[in-house]
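Undergrad: sequence plus predicted model, see below.
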Amino acid sequence: MAGNELANLKPTIWVNRLMRALKKTLIFANLTNQSFTGQATVGGSVKFNQIGEVAVNDYVAYSDMTFEKLDDAGLSMIIDQQKVFSFQLDVTDTRFIPPDVLAEGIDRGAYKIRDTIDQFIAGKHTEAGVSSGSTTAPQQISSGTVIQKLAEFFETMTENNIPLADRWITLPPWMFTKLTLAGVDKESPNVDVFENGYIRNVVGFSRVFQSNNVATVNTTTYSILSSSGAGASGAIGYAGAINGSIRILPAENRRATNVDGLWVYGAKVIRPDRLAVLYASEVAN
């Protein structure tokens, strides 16, 4: 294969590497419900299994109880997004580049895919069932108001019955800075502030994440997503998979190796009543 030693590597190894790299670097997707049934294939669909509401009735002694049948409130999601990365390694280059150059290429491809997926999921803010502020009248955030605005947003979520357990929120970098200027990093629960990409326990939010992919409606309004729980209890459903193998093939008419991978995915708001959005705008400290 063009005399390129990298071409002898098994594509399955790189599929596993891509999967690990995506899982490690995703922020929004790691907060989603991925407990679907079915295969994530381009043009196909997956189903998120969940039940409808369960009624609560008065109990009357010595009277028969009524047992209802659980309704299947499962939702289907179409896998309609496709992204590909591809690069070429010329034999003259690989003679002087360490063998892990292919691994670096796969990791960079995974990074770009992660960014695309996170932006796609962040864009689901328009389907949130709970909101604070609006696109035309966003909440004004400074270092002097950031704690108050987050506390008020937390209260809005509570008033709309979004569960308290494991509440998370994703903030743009500038709001992280506001929290630092507000002295959050000096609070005792936040000794390890910014560790692993999030601040702990800020006005009730268990996890406060930082991401450049927080959606913007225009140049000044940011759509900050928040919910409670992740995994099976997540408000947004996500499914993705590598479509086939990562291909490592000789280039035609060149002494080189072509590498490409196709990732297919989809995302859907499956619990809008548990997803909240804070429309915010940065103002001077």
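TA: Yep, it's here.
Undergrad: now residue 31: how far from residue 170?
TA: Distance of residue 31 to residue 170, given as C-beta to C-beta, to the nearest Å: 8 Å. For glycine as for every other residue, the C-beta is placed from the backbone atoms N, C-alpha and C.
Undergrad: which of these two has more neighbours?
TA: Per other C-beta atoms under 10 Å, whichever of residue 31 and residue 170 has more neighbours is residue 170, with 27 against 24.
Undergrad: now the more buried one, nearest residue through space, not along the chain?
TA: Sequence neighbours aside, residue 209 is the residue nearest to residue 170 in space, at 4.6 Å (criterion: C-beta to C-beta, 6 or more residues apart in numbering).
Undergrad: cool, and residue 217?
TA: In space, residue 217 is closest to residue 135, 4.7 Å off (C-beta to C-beta, 6+ apart).
Undergrad: what about the one you found, neighbour count?
TA: 13.
Undergrad: circling back: was I right about the residue nearest to residue 170 contacting residue 171?
TA: Yes - contact status for residue 209 versus residue 171: in contact at 6.9 Å, counting by C-beta atoms under 8 Å.
Undergrad: neighbour count: those two, which is higher?
TA: residue 171 (28 against 21).
Undergrad: pretty sure the more buried one contacts residue 224?
TA: Yes - between residue 171 and residue 224 a contact is recorded at 6.0 Å, counting by C-beta under 8 Å.
Undergrad: give me the neighbour count for residue 66.
TA: 7.
Undergrad: ok, it - contacts?
TA: residue 57 (C-beta atoms under 8 Å, 6 or more residues apart in numbering).
Undergrad: now residue 160
TA: Contacts of residue 160 (C-beta under 8 Å, 6+ apart): 129-130, 273, 276.
Undergrad: all set, thanks.
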